Structure formats: C-alpha cells, structure tokens
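Engineer: Sequence first, then the predicted structure:
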Amino acid sequence: MYEIGDLVSKPIKGVCRIEDILHLDEKLYYLLIPIEDRKEKIYVPVSNSKANLRLCLTAEEAWNLIERIPEIETIWIDNEKMREQRYKEVIKSNDPEALVSVIKMIYQRKKVRLEQGKKSTSYDERYFQTAENLLYMELGAALGKPKQEICQLIIDFMNEK
C-alpha cells in the first residue's frame, strides 16, 4: 500500500502525488494529483493500484537508467500498425526502460527518414513527445529537476562518457 505524499507513476498521466487515501462507495481510494496539473484529481481504487500505479524511480534508480541508455535495446518494427501498437503498449505500461527504447526507435526512424528526404510521421512525433514527456517527468521528479532540463542533462552525461 502506498502512503500519502508518495510520488507514483500512473500510465498516460505520469507522475502524481498521493494526496489522500479515502473511502468512497464503501471502497478505499487513492486521491492522486498529477504534478503537471495540480487542479486535476484522479481517484484510483486501492484494490486496483498494482495494475495502475508504481512508485516513481528514486534518484539512484534514475541515474542507473540514464547510465544504461546506450545499452537499452531498440526494437526496430517495419510494420506501421505493429509499430504503433508497440508505442501504445509502452505508453500504457509507463515502464521507464521501455520508454527509452521507444524514444531511441523513433529517433532512429526520424534520422533514417530525414536521410531519405522524408519528414517524420505525425504519429511518430506524437508518441515521441508523449514518451519523452513521461520519461523526463519521472526522471525530473526523481532528480529534483524540472523536466525541461532532463534532455540536456542526459545529453551532457552521454558526452562525458
């Protein structure tokens, strides 16, 4: 069971703070407030929380993930429907390592398409932004930095290696 004040990751919404644990309709619920939209309230049944929530990365786990970015496998999927399905699955899973994998895949696709004189596809761009937002939000929360600084922090870290 999570505690009030815990930062949790919720698929699609990203990082939320548990503001309260309360009884509604004879069930116990977590009241979540997304860190990017403090006016929004999300109620998650405690009984469903394992499927819908996980504790956010710690600072140590965040640095460990950043260090492993070059090693994280990128799965290349040529079939557009299967690729988009994979993007959707990863966004729903909100697994940081899988988000890195998708970001790397889309980045490589974009690079190949630009070399061919083509633009990036709209759905690649949309999923790239979503995956980056979710990953950078969580890494930022773990490292105590604004999510806007995380991309540059990763680039700087990789350049030092």
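Structural biologist: Nice, I can see it.

Engineer: Give me the mean pLDDT for the longest helix that the chain contains.
Structural biologist: Determined from DSSP state H, the single longest helix within the chain is helix 122-143. The average pLDDT for helix 122-143 rounds to 95.

Engineer: Show me which parts of it are buried, residue by residue.
Structural biologist: Neighbour-count burial for helix 122-143, counted by 16 or more other C-beta atoms under 10 Å, picks out 124, 127-128, 130-132, 134-143. Bear in mind the C-beta positions are built from the backbone N, C-alpha and C, glycine included.

Engineer: Which stretches in the protein count as strands?
Structural biologist: With strands called from DSSP state E, the chain shows them at 7-10, 14-24, 27-34, 42-45, 54-55.

Engineer: now those strands in a markdown table, with mean pLDDT, mean neighbour count and distance to residue 114?
Structural biologist: A markdown table is the format used below for those (pLDDT from 0 to 100; neighbours: other C-beta atoms under 10 Å; distance: least, C-beta to C-beta, whole Å):
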| stretch | mean pLDDT | mean neighbour count | distance to residue 114 |
| --- | --- | --- | --- |
| strand 7-10 | 95 | 20 | 32 |
| strand 14-24 | 95 | 16 | 29 |
| strand 27-34 | 96 | 18 | 34 |
| strand 42-45 | 94 | 16 | 38 |
| strand 54-55 | 94 | 14 | 35 |
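
Engineer: Name the nearest residue to the residue sitting nearest the centre point of the chain, ignoring sequence neighbours.
Structural biologist: Note on the chain: the residue nearest the mean C-alpha position is residue 134, at 3.0 Å, using C-alpha atoms, centre = their mean. Spatially, and ignoring its direct neighbours in sequence, residue 134 is nearest to residue 14 (5.1 Å; C-beta to C-beta, 6 or more residues apart in numbering).

Engineer: any idea how far residue 100 is from the one you found?
Structural biologist: 15 Å (C-beta to C-beta, to the nearest Å).

Engineer: same check, this time on residue 46
Structural biologist: According to C-beta to C-beta, residue 46 stands 30 Å off from residue 100.

Engineer: out of those two, which sits in the more crowded spot?
Structural biologist: residue 100 (24 against 16; other C-beta atoms under 10 Å).

Engineer: so that one touches residue 64, yeah?
Structural biologist: No: between residue 100 and residue 64 there is no contact under C-beta atoms under 8 Å: 11.9 Å.

Engineer: re earlier: how about the strands of the chain in TSV, adding distance to residue 84?
Structural biologist: Below are these laid out as TSV (distance: least, C-beta to C-beta, whole Å):
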stretch	distance to residue 84
strand 7-10	22
strand 14-24	21
strand 27-34	25
strand 42-45	26
strand 54-55	24
